[in-house]
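1. Okay, here's the prediction I keep looking at, along with the sequence it came from:
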Amino acid sequence: MSVNINELFSSVKIESLKGMSDVEINNIHFDSRKVEEGDLFVACRGTVSDGHKYIASVEEKGVKVIVCEELPKVTNSEITYIIVEDSLTVLSELAHNYYGKPTHDIQLVGVTGTNGKTTIATLLYRLFKKLGYKVGLLSTVRNYVDEKEIAATHTTPDPLQLNALLADMVAEGCEFCFMEVSSHAIDQKRIGALQFKGGIFTNITHDHLDYHKTFDVYLKVKKRFFDDLGKTSFAITNADDKNGKLMLQNTKAHKFLYSSRSFADFRCKILEKHFTGMLMEIDGVETWTNFIGDFNAHNLLAVYAAARLLNQEKEEVLRGISELTSVDGRFESIISPEGIMAIVDYAHTPDALKNVLETIEALRTRNEQVITVVGCGGDRDKTKRPTMAKISANLSDKVILTSDNPRSEEPDQIILDMKEGVDASDLRKVLAITDRKEAIRTAYMLAQKGDIILVAGKGHEDYQEIKGVKHHFDDKEVIQEIFKL
Ligand SMILES: CC(=O)N[C@H]1[C@@H](OP(=O)(O)OP(=O)(O)OC[C@H]2O[C@@H](n3ccc(=O)[nH]c3=O)[C@H](O)[C@@H]2O)O[C@H](CO)[C@@H](O)[C@@H]1O[C@H](C)C(=O)N[C@@H](C)C(=O)N[C@H](CCC(=O)O)C(=O)O
Ligand SMILES: Nc1ncnc2c1ncn2[C@@H]1O[C@H](COP(=O)(O)OP(=O)(O)OP(=O)(O)O)[C@@H](O)[C@H]1O
Ligand SMILES: N[C@H](CCC[C@H](N)C(=O)O)C(=O)O
Ligand SMILES: [Mg+2]
């Protein structure tokens, strides 16, 4: 596709320009390795490197236009240089323009928060499919352009992939798209130019402090998503989260609260809890749901609120919600022939782990043991390691500390970092087995009929990244093999 740069920059603030202003380009790239002759390159400053360092290499490849924050010392007269204040912001605008401003033709709803994004976005996608619409989904687990599945590499894709997917959805006739908005995506302006019909806030607890450094910065980054919503959008927040209301403090959007308490615009109550589901009262109507855990009651209420604000009929929405089932790797249970229950859950933050273990605790009927198998990812927030081990030991009868995705780190060191957090009185409950499969096998050997094994942290993931290499690994597959199912 060839595009004139005047069209491409129609909505973009340019600081200065050197070279021709009327040029046609083929593609936009922010990675020098992908640039081909006739393309436009946006030099972005990143967390590890700086795109400005690769300007010479894209010039050699025959790039036509370079967008940068500062001119290189030596410029090439055949190239147009466009100087901008912030390349990342401009990249997202160019991507949106290049793909025909897709969010002007689809109702886009973003979900942000530490936990619950995949659950809510996926359930909204499934609900709207049930309601008869063509729908798009952008999530950690997978992306969908209506029924066409596209593998996901990030929770929120980069601006080029993101807008290409949205344009695909528009071309396919999708009326709605539900997407996860990660804090990294807000900070890196991946979603910069998108026009959202609505935003949903789930909760904010400890995660990603490796990237954001402090909780306060993390909070402000999340809030920016709501600050930037337009006047005709809606913003829905969890009033039961300590920072729920703060998120909407400066938004121009119409504000709505969801909560288990009576003052909220959207309310729910849990009437009964079972291992197979919960009987809830949602907006005054008794509704059976196939989910368990107070956190899932909040997730379902957020789904309900968004569907209602997107003008869907109350009864149809509630009927649809009662038919929904759990999302891949989120509280999925597998029972062994002798009656041992394994639960696979993507809990990879302290709050998620606490919620899942408290949910299990609330459902325990006899003296079953709870055995938790858990690890923490390498090259990510190290400060959550001791807390996750402490929570596991506090709320389980036995804990096997193991590997998650160690990435480039030493697996045993991650386990040691975790173990530091275990209370002295709980140490006797804790084993350390580096190999995740062996850890799950040991949990099975320690378990008896009726016991519950929680395998936390990897959920839907089908790989384990050790020393930078991804190996096939799927918690559910491993459990099925060990259970001889
Ligand atoms: C830390 C982080 O988020 N990094 C993301 C960021 O990369 P970066 O800009 O920091 O990359 P960089 O290596 O510093 O390079 C700077 C610039 O130089 C360019 N470059 C670099 C090398 C080269 O040879 N040529 C070249 O042009 C790069 O393309 C880039 O534009 O921008 C890239 C494009 O959007 C992302 O792919 C990349 O995600 C990395 C791979 C990643 O692992 N991110 C994770 C942490 C992430 O984003 N996670 C969240 C989920 C979190 C949650 O669950 O809540 C997500 O949304 O997936
Ligand atoms: N509303 C919630 N509040 C707290 N914990 C939750 C909530 N919903 C889900 N969880 C827990 O968090 C885990 C991750 O849920 P989910 O994948 O929906 O979150 P996410 O926000 O998409 O995570 P990620 O940041 O990795 O994309 C679940 O497996 C469950 O343990
Ligand atoms: N979206 C999360 C995924 C963590 C999943 C866990 N299995 C790990 O690898 O650390 C993150 O980027 O922190
Ligand atoms: Mg997710």
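-> Noted; the coordinates are in hand. Numbering: from 1, shown residues only. Ligands and ions are numbered 1, 2, ... in the order given.
2. what about the closest residue to ligand 3 within the stretch 301-450 of the chain, how many neighbours?
-> Nearest residue of the stretch 301-450 of the chain to ligand 3: Gly377, at 2.0 Å (C-beta to the nearest ligand atom). From N, CA and C alone the C-beta is placed, and that goes for glycine too. Residues lying near Gly377 (other C-beta atoms under 10 Å) number 20.
3. Kindly report the same for Ala167.
-> That count, for Ala167 with other C-beta under 10 Å as the rule, works out to 21.
4. What sits closest to it if chain neighbours are left out?
-> Using C-beta to C-beta, 6 or more residues apart in numbering and skipping residues adjacent in sequence, the residue nearest Ala167 is Tyr99, 3.9 Å away.
5. I'd say the one you found and Asn163 touch.
-> Yes: the criterion here is C-beta atoms under 8 Å, and Tyr99 meets it with Asn163 at 4.1 Å.
6. neighbour-wise, which of these two wins?
-> Asn163 (27 against 22).
7. Now name the helix or strand holding the more buried one.
-> For Asn163, the enclosing helix or strand under DSSP states H and E is helix 159-171.
8. Off-centre distance for whichever helix in the chain runs longest?
-> In the chain, assigned by DSSP state H, the helix with the most residues is helix 294-309. Distance, stretch centre to chain centre, for helix 294-309: 17 Å (C-alpha atoms, centre = their mean, to the nearest Å).
9. immediately after it, which helix or strand?
-> Next along from helix 294-309, by DSSP H and E: helix 314-323.
10. Using the record's domain definitions, break the protein down for me.
-> When the chain is parsed with automatic domain parsing, its domains come out as 3-85, 102-323, 332-482.
11. For the stretch 251-400 of the chain, what lies in contact range of ligand 2?
-> For the stretch 251-400 of the chain, the contact set with ligand 2 under C-beta under 6 Å from any ligand atom comprises 295, 298-299, 330, 345-347, 351-352, 355-356.
12. Going by distance to ligand 1, which of those residues wins?
-> Nearest to ligand 1 among those is Tyr346, at 10.0 Å by C-beta to the nearest ligand atom.
13. Give me the nearest residue to the closest one, chain neighbours excluded.
-> Gly459 (2.8 Å).
14. coming back round to it: host element of the residue of the stretch 301-450 of the chain closest to ligand 3?
-> Under DSSP H and E, no helix or strand contains Gly377.
15. With Phe226 instead?
-> Phe226 belongs to helix 215-227, assigned by DSSP H and E.
16. what about the residue nearest to the spatial centre of the chain, is that helix, strand or coil?
-> Central residue of the chain (C-alpha atoms, centre = their mean): Thr155, 4.2 Å from the mean position. Three-state call for Thr155 (DSSP: H, G, I helix; E, B strand; the rest coil): coil.
17. And it, how far from ligand 4?
-> According to C-beta to the ion, to the nearest Å, Thr155 and ligand 4 sit 5 Å apart.
18. you'd agree that residue is up against Ile186?
-> No: using C-beta under 8 Å as the test, Thr155 is too far from Ile186 to be in contact (11.3 Å).
19. picking that back up, can you give me phi and psi for the residue of the stretch 301-450 of the chain closest to ligand 3?
-> Here is the backbone geometry of Gly377 (degrees, to the nearest 10): phi -70, psi 150.
20. Quick check: it touching Asn405?
-> Yes: Gly377 is in contact with Asn405 according to C-beta under 8 Å; the separation is 4.8 Å.
21. So what touches stretch 236-246?
-> With C-beta atoms under 8 Å, 6 or more residues apart in numbering as the test, stretch 236-246 has contacts from 113, 198-204, 219, 223, 226, 247-248, 255-261, 263-264, 266, 298, 302, 305-306, 309.
22. Show me which residues of that stretch are buried.
-> 236-241, 243-244, 246 (16 or more other C-beta atoms under 10 Å).
23. Please name the nearest non-neighbouring residue to Asn76.
-> Setting aside the residues directly before and after it, Asn76 is nearest to Glu59 in space (C-beta to C-beta, 6+ apart), at 5.4 Å.
24. so what's the backbone phi/psi at that neighbour?
-> phi -60, psi -40.
25. dump the residue contacts of it.
-> Contacts of Glu59 by C-beta under 8 Å, 6+ apart are 66, 76, 79.
26. Can you tell me which helices and strands the helix or strand hosting Glu477 packs against?
-> Per DSSP H and E: Glu477 is located in helix 475-482. Helix 475-482 sits against strand 332-335, strand 341-345, helix 436-446, strand 452-456, with contacts defined as 3 or more C-beta pairs under 8 Å, 6 or more residues apart in numbering; DSSP states H and E.
27. Which of the residues in the helix or strand just after the last one are classified as buried?
-> Right, strand 452-456. Once the chain leaves strand 452-456, the next helix or strand it forms, by DSSP H and E, is strand 463-466. Of all the residues in strand 463-466, those buried under the rule 16+ other C-beta under 10 Å are 464-466.
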